[in-house]
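Asks: Pasting a predicted model and its sequence here:
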Number of protein chains: 2
Amino acid sequence: MVLIEGEFGLINKYFAPLSKSAPGAANLTDDVAFFEVSAGKVPVVSLDTLVGGVHFFFEDPPRTLAKKLVRVSLSDLAASGAKPLGYFLSLSMPSDTDESWVAEFSKGLSEDQKEFGISLFGGDTTGTSGPLSLSLTAVGEAVSDRIVRRSGAEPGQSVFVTGTIGDSAIGLTLIKKMGVREAKLRSPDLVQRYLVPNPRVKLAPILRNYATASIDISDGLIGDLAHICKASGVSISVDYSALPISNPAKREIVANSTNKRLVLAGGDDYEIVFCCSPEDSSVVKSKVEEQGIVLTEIGRVTNRGDHYVSVIEGGSIMEIEDTSWRHF
Amino acid sequence: MVLIEGEFGLINKYFAPLSKSAPGAANLTDDVAFFEVSAGKVPVVSLDTLVGGVHFFFEDPPRTLAKKLVRVSLSDLAASGAKPLGYFLSLSMPSDTDESWVAEFSKGLSEDQKEFGISLFGGDTTGTSGPLSLSLTAVGEAVSDRIVRRSGAEPGQSVFVTGTIGDSAIGLTLIKKMGVREAKLRSPDLVQRYLVPNPRVKLAPILRNYATASIDISDGLIGDLAHICKASGVSISVDYSALPISNPAKREIVANSTNKRLVLAGGDDYEIVFCCSPEDSSVVKSKVEEQGIVLTEIGRVTNRGDHYVSVIEGGSIMEIEDTSWRHF
């Protein structure tokens, strides 16, 4: 831990209160923190770094930025079937960062801590001559041999996806085209999906009981399915007409057909795509829907080898030029 | 986890081999990693972020920079009495970062993994328009009620420090004055202490059995003792003539008496200063020396209240203008 001007004051005022339900955080007055894991479980960790100008716009509101940071990592934990416990935060701030920015940012963290039942465990705050940079190490717990990986998909299994896909990437396209204010007027739901994703934390217990392979969609549906194909040594076929697309996204696709590509390869959805045995399909579907989450069967694991994702539309295979998302 | 050009290639080539002894890291092919903690112990975590131009020079060799990053966090774990297990790494690189930089950086990590018996567990790699930025989350284990904090010092206890202090800060002053090449010619040991600190990992088992309060010296001896005073609600008196100062540091103090201040408040020592009961002093001293670590008694916890660190030299109290270190 390193001292910068005002670091201790900021920590004490805005971040220590976020750790008060975590005894091992020692009120953020120590260089180390501990946390407890339930008996028989192991700590499961996901680390994500968001850099200003690369992963978010400098004008993104600090409150929603805090939530995006938390949720991106919680989405990874959910896909693995782990239960979230808390997080460590590294914040590198330019010297002209306002205290009001920190106040709003910590408010976003506080709201999401309540939403997901997690706590701040520790972290570090530094200055930087570069853009604002945020790194979050989320910690969860799971039984080690029940952690869902990308590697268990088998031919014949069903492929499911939660929620709707493409919203966030289309929202981002609108923001880039017309600015966030105009984009919000045109399609508030799509912009909101980009600003504050909705990690499928409630899916975790179902995934660890039924999913053979799972991933959260951050790089794009096809890119992330390709990760499952590679890790599992299989190929997957997706039916385009089955993909869950929201009404606002459908409207944007009608307005501009290039948006269709964003449903398949746009990324930043933070929905979960997973495989399970066809015998388990109906029980999985009803358990997921009991949690208030829409679940859609979108395809099938076709065969061993190839490691290829194909998308079928109207009986023919669609060509996808770019299968993974690059940041703006 | 976010995709940037070449991220997967870099991870596969340079970082996945560093995780091969950690089954929970899944060869860095997944968004989450797990690690195991021994029965009855809890995970203990220290997070440190180093930003180019703030915490290190851009021309610092990547191999020593990697070691500094690892060692700064291992030093925190050691001061708490925890045993290190592994680490998560976040690397934000400017687009002009050379592959040779990554190769040398990963070599430094690899060497320190062997040195300290730790493994890479996971991480994230991103681009940035700003300076190179490194964030390391070190993970260790300890029995939760045996973690040594800053808060257990009591009046009458002895204050000990490991190794020698001031070397690193004087080394940094030389580098700033004459550049690293000239500084190395003049005083290689001091420059080396700045570039690659030596965390007192072997001290951890002794601290957890005997220390009442402990901290590693990153902000400077006086600044870090002040943290113990504040957390424990005590005052501490230090005898300047007892401070362990290396011969190269003594030479620089003779050449320039302002260097004397750096022994007290220079920082970046990564030695450990701790308190223990006077009855335990001799057994602690012999146990520490069995580990090949020089240990020096430098003062005493004087009384409750005040939260004041005083330094006695020749019977009078020295005035210290600036008790904590600010980065260059």
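Replies: Now that the structure is in, tell me what you want to look at.

Asks: A:Leu47 touches B:Tyr87, doesn't it?
Replies: No. At 10.4 Å, A:Leu47 does not count as touching B:Tyr87 under the criterion of CB atoms under 8 Å. From N, CA and C alone the C-beta is placed, and that goes for glycine too.

Asks: neighbour count winner among those two?
Replies: Using other CB atoms under 10 Å in any protein chain shown as the criterion, A:Leu47 and B:Tyr87 rank with B:Tyr87 on top: 30 against 27.

Asks: How is the nearest residue to that one once chain neighbours are set aside assigned, secondary-structure-wise?
Replies: Counting by CB to CB, 6 or more residues apart in numbering or on different chains, B:Ala138 is the residue found nearest to B:Tyr87 once chain neighbours are left out, at 4.7 Å. Here B:Ala138 is strand, with the state taken from DSSP: H, G, I helix; E, B strand; the rest coil.

Asks: ok, B:Ala138 to A:Leu50 distance?
Replies: Separation of B:Ala138 from A:Leu50 (CB to CB, to the nearest Å): 21 Å.

Asks: if you count what's nearby, which of the two comes out ahead?
Replies: B:Ala138 (30 against 21).

Asks: and the residue nearest to B:Tyr87, how far is that from B:Val70?
Replies: Between B:Ala138 and B:Val70 the computed distance is 8 Å (CB to CB).

Asks: intersection of neighbour lists for these two?
Replies: Common contact partners of B:Ala138 and B:Val70 (CB atoms under 8 Å, 6 or more residues apart in numbering or on different chains): B:Tyr87, B:Ile118.

Asks: Next, count neighbours for whichever residue of the stretch 101-250 of chain A sits closest to chain B.
Replies: With CB to the nearest CB as the measure, A:Gly130 is the residue of the stretch 101-250 of chain A nearest to chain B, at 1.4 Å. When neighbours are counted by other CB under 10 Å, A:Gly130 registers 23.

Asks: what kind of secondary structure is it in?
Replies: When classified by three-state DSSP, A:Gly130 comes out as coil.

Asks: Buried ones in stretch A:173-188, by neighbour count?
Replies: A:Thr173, A:Leu174, A:Ile175, A:Val180, A:Ala183, A:Lys184, A:Arg186, A:Ser187 (16 or more other CB atoms under 10 Å in any protein chain shown).

Asks: May I ask which two of those are separated the most?
Replies: A:Thr173 and A:Lys184 (13.6 Å; CB to CB).

Asks: Run through the residues of the stretch 101-250 of chain A sitting next to chain B.
Replies: For the stretch 101-250 of chain A, the contact set with chain B under CB under 8 Å from any CB of the partner chain comprises A:121-124, A:126-131, A:133, A:135, A:137, A:139-140, A:142, A:144, A:147, A:149-150, A:215-216, A:218-219, A:223, A:227, A:231.

Asks: Let's see that with 10 Å instead.
Replies: A:121-144, A:147-151, A:214-216, A:218-220, A:223-224, A:227, A:230-231 (CB under 10 Å from any CB of the partner chain).

Asks: Please read off the pLDDT at A:Ser237 from the model.
Replies: A:Ser237 carries a pLDDT value of 94.

Asks: For the helix or strand it falls within, which helices and strands make contact with it?
Replies: Using DSSP states H and E, A:Ser237 falls within strand A:234-239. With contacts taken as 3 or more CB pairs under 10 Å, 6 or more residues apart in numbering or on different chains; DSSP states H and E, strand A:234-239 sits against strand A:158-162, helix A:221-232, strand A:272-276, strand A:295-304, strand A:309-313.

Asks: Recalculate using a threshold of 8 Å.
Replies: Helices and strands touching strand A:234-239, by 3 or more CB pairs under 8 Å, 6 or more residues apart in numbering or on different chains; DSSP states H and E, are helix A:221-232, strand A:295-304, strand A:309-313.

Asks: Show me which positions of it end up buried.
Replies: Using 16+ other CB under 10 Å as the burial criterion, the residues of strand A:234-239 that qualify are A:Val234, A:Ser235, A:Ile236, A:Ser237, A:Val238.

Asks: Now flag whichever of those residues is closest to B:Leu243.
Replies: Nearest to B:Leu243 among the buried residues of strand A:234-239, counting by CB to CB, is A:Val234 at 64.9 Å.

Asks: Next up, the contacts around the closest one.
Replies: Here A:Val234 is in contact with A:Ala153, A:Glu154, A:Pro155, A:Ile228, A:Val301, A:Thr302, A:Asn303, A:Arg304, A:Gly305, A:Asp306, A:His307 (criterion: CB under 8 Å, 6+ apart).

Asks: so A:Phe274 makes contact with A:Ser158?
Replies: No. Checked against CB under 8 Å, the pair A:Phe274 and A:Ser158 is beyond contact range at 9.2 Å.

Asks: Looking at those two, which is more packed in?
Replies: A:Phe274 (30 against 20).

Asks: hang on, A:Asp60 packs against A:Val191?
Replies: No. A:Asp60 sits out of contact with A:Val191 when judged by CB under 8 Å, with a separation of 10.9 Å.

Asks: Between those two, which is the more surrounded one?
Replies: Set side by side, A:Asp60 and A:Val191 show more neighbours around A:Val191, with 24 against 18, by other CB under 10 Å.

Asks: Is the more buried one located within a strand, as I assumed?
Replies: No. Looking at A:Val191 with three-state DSSP, it is helix, so not inside a strand.

Asks: So it versus A:Val159, what's the distance?
Replies: According to CB to CB, A:Val191 stands 28 Å off from A:Val159.
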